[in-house]
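> My questions concern the predicted model and sequence given below.
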Amino acid sequence: MPYCLIGLGSNLGDRRRNLEFALARLADALYVQVVRQSTFHETAPVGGPKRQPFYLNAAALLQTTLSPEALFEVLQQIEREAGRRQAERWGARPLDLDLLLYEERVLEVPGLKLPHPRLAWRRFVLEPASEVAGEMRHPILGWTIVRLREHLDTAVPLVAFAGPIGAGKTVLARALCRRRPARLLTESVDENRLAVFYSDPAVHAWSFELEFLQQRRRLLDAEDPQWRNRERWTVGDFWFDQSLAFAELWLTSEQRTAFYARWQEARRQVVPPKLLVLVDASNAQLLSRIRQRARTGESVLTEEHLEHLRDALRTRAFQSPECPVLELNQPDPDEALQEVLAAVDAMD
């Protein structure tokens, strides 16, 4: 029978009794077997309304012959039996049951996404989950539950934003620093230099992309003593690996080979992010924003350029992941900020 990982949480009423009720109901459910259950962990609420009670969290490893959709319905029914009603997003609730993993299935249907889209960075999920399913693997990142949890303890607290031109990375990065004290790293763009590049990319792309690669390496230099402060977050409006996505767009095949060698050498000298935030929007939205800001030379950009960048960035993010990835697709700015704030808080 397939193995499944679920997360349990409660912060209303008798929290322990609520979790024990859920585990007992799962043990009695048809076609479901509770293989292991974790200890209970008390955690601060993340996201949602302020001044919520603390949560009690746990995890359970199940075996079942039910489909993911059928198991999800069982979980929702148990939530209803425990008194859960429709409430504010991330609000207080007597019982919250999340289907985190179903073997290594990747699935997206209305109301259910596998793996759970926030599993990879939530400490309050990963700590109990590592007790019962430490070797289960995140099917998109390829990391085990234990590795995901250890990443929270060992990674430098750096959030990197990435996305195609016009995605709003810098706006989000600045907004995050206003809401959560952090050091901000931003790329500097010389408008005149940019205009020269766009006037003839075939001539200027090599030197232009090398300049950005060198700038990113300096900003993320692992020898910088500021990285020793593990209590303070750093937020970057760029991602070091985005250099390859832009190189694929503008450089010739021969140039890309040489650029890749320089990128590899530089990558060994930089700090990798603890969380990558991949911001996206439709080609039409991106072009609209680009036209509105009227930056010199960017009028040459087309939907084809943007589509290439979007595909290259996403491929790079998941091809050999160096950290969990929070994807924000066509986000409302306020909702996007709340997602990022909740993700950062959940990693602490």
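Thanks, I have it.
> mind giving me the domain split of the protein?
Residue ranges for the domains of the chain, per automatic domain parsing: 3-151, 158-347.
> for the last one, what is the average pLDDT?
Averaging pLDDT along domain 158-347 gives 94.
> Lys262 and Trp206: what is the separation?
Not Lys; residue 262 is Arg. Noted for Arg262: a distance of 11 Å to Trp206, by C-beta to C-beta, to the nearest Å. C-beta coordinates here come from the backbone N, C-alpha and C atoms, glycine included.
> Any chance of the domains of the chain in JSON lines with mean neighbour count as columns?
Formatted as JSON lines, the domains of the chain follow (neighbours: other C-beta atoms under 10 Å):
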{"stretch": "domain 3-151", "mean neighbour count": "18"}
{"stretch": "domain 158-347", "mean neighbour count": "17"}
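> tell me the pLDDT at the closest residue to Gly134 other than its chain neighbours?
Nearest residue to Gly134, sequence neighbours excluded (C-beta to C-beta, 6 or more residues apart in numbering): Val146, at 4.1 Å. The model reports Val146 with a pLDDT of 98.
> and what of the one 5 residues further on?
Among the per-residue scores, His151 holds a pLDDT of 98.
> could I have the helix or strand where it lies exported to CSV, CA atoms only?
Secondary structure from DSSP states H and E places His151 in helix 145-154. Presented in CSV, the C-alpha positions along helix 145-154 are these (Å, rounded to 0.1, in the frame of the first residue of the first chain):
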residue,chain,number,x,y,z
ILE,A,145,12.4,15.3,4.9
VAL,A,146,15.5,15.1,7.1
ARG,A,147,17.5,17.1,4.6
LEU,A,148,14.8,19.8,4.4
ARG,A,149,14.8,20.1,8.1
GLU,A,150,18.6,20.2,8.4
HIS,A,151,18.6,22.9,5.7
LEU,A,152,16.6,25.2,8.1
ASP,A,153,19.4,24.8,10.7
THR,A,154,22.5,25.2,8.5
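> which residues of the stretch 201-348 of the chain fall in strands?
Counting by DSSP state E, counting those that start in this stretch, one finds strands in the stretch 201-348 of the chain at the ranges 233-236, 275-280, 325-329.
> partners of the shortest one in the sheet?
The strands beside strand 233-236 in its sheet (DSSP bridges) come out as strand 158-162 (parallel), strand 182-185 (parallel).
> Which residue ranges of the stretch 201-348 of the chain form helices?
Secondary structure of the stretch 201-348 of the chain (DSSP state H, counting those that start in this stretch): helices at 201-219, 242-250, 253-267, 283-293, 303-319, 333-347.
> And those helices: which comes nearest Pro117?
Nearest to Pro117, of all the helices of the stretch 201-348 of the chain, is helix 333-347, at 9.8 Å by C-beta to C-beta.
> Could you list the residues in contact with that closest one?
The contact list for helix 333-347 (C-beta atoms under 8 Å, 6 or more residues apart in numbering) reads 46-47, 90, 118, 121-124, 152, 157, 159, 168, 171-172, 175-176, 179-180, 233, 274-275, 277, 279, 326, 328, 331.
> redo that, cut-off 6 Å
Applying C-beta atoms under 6 Å, 6 or more residues apart in numbering, the external contacts of helix 333-347 come out as Val46, Gly47, Trp121, Arg122, Arg123, Leu152, Ala175, Leu176, Arg179, Val277, Leu326, Leu328.
> With just CA atoms, put it into PDB.
Taking Å, rounded to 0.1, in the frame of the first residue of the first chain, the C-alpha atoms of helix 333-347 are listed here in PDB:
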ATOM      1  CA  PRO A 333       1.300  42.300  -4.400                       C
ATOM      2  CA  ASP A 334      -0.200  42.200  -0.900                       C
ATOM      3  CA  GLU A 335      -0.900  38.400  -1.100                       C
ATOM      4  CA  ALA A 336       2.600  37.800  -2.400                       C
ATOM      5  CA  LEU A 337       4.100  39.700   0.500                       C
ATOM      6  CA  GLN A 338       2.000  37.800   3.000                       C
ATOM      7  CA  GLU A 339       3.200  34.500   1.400                       C
ATOM      8  CA  VAL A 340       6.800  35.400   1.600                       C
ATOM      9  CA  LEU A 341       6.500  36.800   5.200                       C
ATOM     10  CA  ALA A 342       4.800  33.500   6.300                       C
ATOM     11  CA  ALA A 343       7.500  31.400   4.600                       C
ATOM     12  CA  VAL A 344      10.400  33.300   6.300                       C
ATOM     13  CA  ASP A 345       8.700  33.200   9.700                       C
ATOM     14  CA  ALA A 346       8.100  29.400   9.200                       C
ATOM     15  CA  MET A 347      11.800  28.800   8.600                       C
END
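> what's the spacing between it and its chain's center?
Chain-centre distance of helix 333-347: 10 Å, with C-alpha atoms, centre = their mean, to the nearest Å.
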